[in-house]
Structures are given as C-alpha cells and as structure tokens.
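In: Please find the sequence and the predicted model below.
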Amino acid sequence: MDKPTTHYGEKNMMKKMMMGLVAVGMAVMVSGCGAKKTTLNVYTWADYIKPELLARFEQENNCQVIIDTFDSNEAMYAKLKAGASGYDVIMPSSYMVKTMHNQGMLQKIDKSKIPNLKNVDTDYLKIAVDKDMEHSVPYMLTNTGIAYLGSKLGEVEPSWSLLDLEAIKGRATMLNDMRETLGAALKFLGYSINSVDEKELAEARDIVIRWKKNLAKFENEQYKTGLASGEFFLVHGYNGDILQVMEENEDIVFVVPQEGTSISCDDFVIPKDAKQVDLAHAFINFFHDAEVAAENTDFVWYLCPNAAAYPLMSEDIRNDPSIFLDPEVKARSEVIDDIGAGLALYTKMWDEIKAAE
C-alpha cells in the first residue's frame, strides 16, 4: 500500500526559498544604504568647525558626528557634573581642561593613535597648560583685544588705556567674564593675568570700576554686531569674533594691547566615559592634518596651532597681527590658567565691580 502523500517537504522547501529571498533582499538593502554607522558625539562651541570638513570626516570614517554645543566652560562643566554623559570628544578651554583632569574626568591621550601630533606648534606648547599633551590636544587659539571704529577714534595707541577715552563714554563694552576683564586690568598694571595676590587684584578691580564709567554694559554675545552697526564705538572682545564682522564694516580696527593680553586655547579632550575612544582619537588626528587645519582656520578665523598648516593658510590669515601676534606682545601675553582656590578672590572682586556705580 502506498504511503499517503504529504506536503510537508514542499512547504519546508518553500519556507527555505522565502527565507533566502528575504536574506537577498536585506543584503541588497544593506549594500544600498551602507552598514549601520557609528556615532561620534562631540560637545563644543557653536559654529566652531567647518561643516564640509565634518562631512568629509564622516565619509572617510563611515560614521555620523553629532554636535552638541555650550556657550561657556562653566555651563559645560556644570552639565557634566550634573550627570550628563555620552560624549566622546569635548572641546573646553585649557584652564577648564586642567580642572577636569584634576578631578579625574578625562582619559589619557594615546599618542600612537594621533600621528599628526607631530604638526602641533612646539612654540605654543611652551606656554600651554598641558605641555606634553598627556590628556588634551590643542584645537584653536584665540586672544582678546580691543576693536574700535576708526572714524570715531582716529589713530590711537594700542593699549588698554583706550578704555579711559572720553570719546567712548556710553558707547563701549567689555566682556562679561571676570577672568578676561580683570585680566585686562592686571596686564594694564603690569601684573600676571593669573595673579592671586589680593593687593594686585584690588588694584585691578579699581581699574575696571574706572573703566566701567565709560561702558554701556558688560557683554559677551552682541558686542560684535553692535560694533559693526555703529551702536558701540569700542569693544573688548575675541579676535575671531571681531575678524568675522570686519568684513561687514571696513571702519573696524582691531588691536592687541601692547601691555599684553590673554591667550586662550580650546582643547580636544576625551572624557572618561567615552564609548568611541578609537574614533575620538581619529577625529583629533583628522583636525591636525595640515591641510585640514589650514582650511578650518580660514573658515573660523581662529588659529589652529599646527605649524605644518601655517604655510597653507590664506595670506589674510598669515599676515594678520591679531592672529599671529607680534613676538614682543606675545611674550607679554599669557594663557589663562586654573587658579584653584584663588578663584574665590576673583569672584569677590567681580561682585564688587558689578555692584559699583
């Protein structure tokens, strides 16, 4: 007697064929869209990287870069201390990097993964906070100075004493930043920008109170557009900010005071809890490629301290004394450093400045 016929074998065959077709379809989809991309989370200042360079890094590393921004080192630090996490690269200023390192918040840099460290300007490293790049790598340098309308002030001496001019009364601003503004007064007096001497700081406080009589306000955000529009005649500000608006108003002049100024560097760091550590190192290495560093500097108008990139930068950048400081002025300038417990003195003096009439 013949065995009864079943369709089990046929069904099993059809199931296998369908699974095969699904597998082929998924393979086609993957080949068409690419494998799932790794995400690199970067925490930095706004408008601080040329978008085309970010796109190039993403393409070369088959990844997606997500940018989150902060507007002050203190805000960034407070957010992290409150429990924010998930960042792979952060770009704070050097004095804040020192604080974060001292509190065990950063990973050590694996220099073997960043061959382009050879391009970093050794002259800058002499004054850097992390001279050996043990836990940070410099990204961009900035310095503060004075910008003014040439038609209002004419030929003037490049000095912090410009803040005493009667002609600017009510039409001037200084940075709403105690380290920068007290630092300007300290340099004017011939003291260190990182002084923790109470007598020197009291003298600097009195100078700022004197300058305050000429100020419309202490201001960090709108001073550059206010200068470009003619609302302000003179402002204390960052070179990159001013250089950006100089293209809008040819009457703007930017000078670095002869007494010296603050030099600040924003650094790449990798936080302790970073998940994409290798990609973070690749990101830092990419932005210290000489051609990339030159292109990025030309875009943001801040200086990447990458000696190999200097000859590749535009002539406007190379010849600008507010970017490449005069050697004598540079010798009198300093990098803002973490001053530990001395910060309480600055806070006290700043509160007294704000309260003064």
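Out: Happy to help now that I have it. Numbering: from 1, shown residues only.
In: Now do the helices in the stretch 201-350 of the chain.
Out: Per DSSP state H, counting those that start in this stretch, the stretch 201-350 of the chain carries helices over the ranges 223-229, 239-246, 277-287, 290-300, 315-318, 327-331, 343-355.
In: I'd like these as JSON lines, with distance to V255, mean neighbour count and mean pLDDT appended.
Out: For the C-beta atoms, the positions are set from N, CA and C on the backbone; glycine is no exception. Below are those laid out as JSON lines (distance: least, C-beta to C-beta, whole Å; neighbours: other C-beta atoms under 10 Å; pLDDT from 0 to 100):
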{"stretch": "helix 223-229", "distance to V255": "13", "mean neighbour count": "21", "mean pLDDT": "95"}
{"stretch": "helix 239-246", "distance to V255": "10", "mean neighbour count": "21", "mean pLDDT": "89"}
{"stretch": "helix 277-287", "distance to V255": "30", "mean neighbour count": "20", "mean pLDDT": "98"}
{"stretch": "helix 290-300", "distance to V255": "21", "mean neighbour count": "20", "mean pLDDT": "96"}
{"stretch": "helix 315-318", "distance to V255": "17", "mean neighbour count": "13", "mean pLDDT": "93"}
{"stretch": "helix 327-331", "distance to V255": "10", "mean neighbour count": "13", "mean pLDDT": "91"}
{"stretch": "helix 343-355", "distance to V255": "24", "mean neighbour count": "15", "mean pLDDT": "95"}
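In: Minimum distance to K108: which of those has it?
Out: helix 277-287 (10.7 Å; C-beta to C-beta).
In: same for that closest one, what does it pack against?
Out: strand 38-44, helix 51-61, strand 89-90, strand 262-268, helix 290-300 (3 or more C-beta pairs under 8 Å, 6 or more residues apart in numbering; DSSP states H and E).
In: can you list contacts of stretch 42-57?
Out: With C-beta atoms under 8 Å, 6 or more residues apart in numbering as the test, stretch 42-57 has contacts from 63, 65-71, 76, 87-91, 140, 266, 283, 286-287, 292, 295-296, 299-300.
In: List the buried residues in that stretch.
Out: Residues of stretch 42-57 classed as buried: V42, Y43, T44, W45, Y48, I49, K50, L53, L54, F57 (neighbour count, 16 or more other C-beta atoms under 10 Å).
In: That stretch - what's its average pLDDT?
Out: Averaging pLDDT along stretch 42-57 yields 95.
In: Go ahead and confirm V120 touches C304.
Out: No: using C-beta atoms under 8 Å, V120 is not in contact with C304, being 9.1 Å away.
In: out of the two, which sits in the more crowded spot?
Out: C304 (27 against 21; other C-beta atoms under 10 Å).
In: tell me the contacts of the closest residue to the more buried one other than its chain neighbours?
Out: Excluding its sequence neighbours, the residue lying closest to C304 (C-beta to C-beta, 6 or more residues apart in numbering) is A293, at 4.2 Å. By C-beta under 8 Å, 6+ apart, the residues touching A293 are N119, F287, C304, N306, A308, A309.
In: which residues touch the third one?
Out: Listed by C-beta under 8 Å, 6+ apart, the contact partners of C304 are P138, Y139, M140, L141, F287, H288, A293, A294, N296, T297.
In: Fine by me, we can end here.
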